[in-house]
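Peer 1: Got a sequence here, can you build the structure:
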Amino acid sequence: MKILLSIIFYAFMAGTTATVGTDIIDVTPEGSPAAVSNSSEGKESAVKPATQSLLIKEKPVTFNAFGVRKGADGAVITWAAAQQAAFLVQKSIDGKTFTTVASFQPTGEVAHKFCDTNNASALGYYRVQAVSAGGAAAYSAHKKVRTAR
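Peer 2: Numbering: from 1, shown residues only. The predicted structure follows:
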């Protein structure tokens, strides 16, 4: 696998074996012989074998709590997440097709609350979509609430 030389630092930090050329590095699979060549001096030195991937996959946001209840002025949606993220509160009248009714940017808070006062329908299904800084999306379960008096 050929990778630009600017990535070499990450290859060594990840414990990956790499052969260094003038402008590329070859990442050697685990168990293969490893050496680093310096093209200007022609010297070689051993490095650790590959044990980790160069790609760091972002974990999706985890919801610690999610609830929906009837409040005095409409549906009250509460949730807590383990990671920082932007949140989209979504509503559906059939539990299948959801539209965003509110959005929240990351604030450093763990617990969040939203009151949906737009009660055009007596029954509503709600869920929360979390979007991490890296773009990974996760959804809470959806729950229904009857807001008709």
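
Peer 1: And the pLDDT at residue 133?
Peer 2: Per-residue confidence (pLDDT) for residue 133: 86.

Peer 1: Start the count at 20 instead of 1 going forward.
Peer 2: Sure, I'll start numbering at 20, so the last one becomes residue 152.

Peer 1: Residue 159 versus that one, what's the distance?
Peer 2: To residue 159, residue 152 is 19 Å away according to CB to CB, to the nearest Å. Every C-beta, even on glycine, is put in place using the N, C-alpha and C of the backbone.

Peer 1: And the helices in the chain?
Peer 2: Along the chain, counting by DSSP state H, helices occupy 27-32.

Peer 1: one step back: neighbour count: residue 152 and residue 159, which is higher?
Peer 2: Comparing residue 152 with residue 159 by neighbour count (other CB atoms under 10 Å), the higher total belongs to residue 159, at 22 against 11.

Peer 1: so what's the more buried one up against?
Peer 2: Contacts for residue 159 (CB atoms under 8 Å, 6 or more residues apart in numbering) come out as 82, 85, 98, 146-149.
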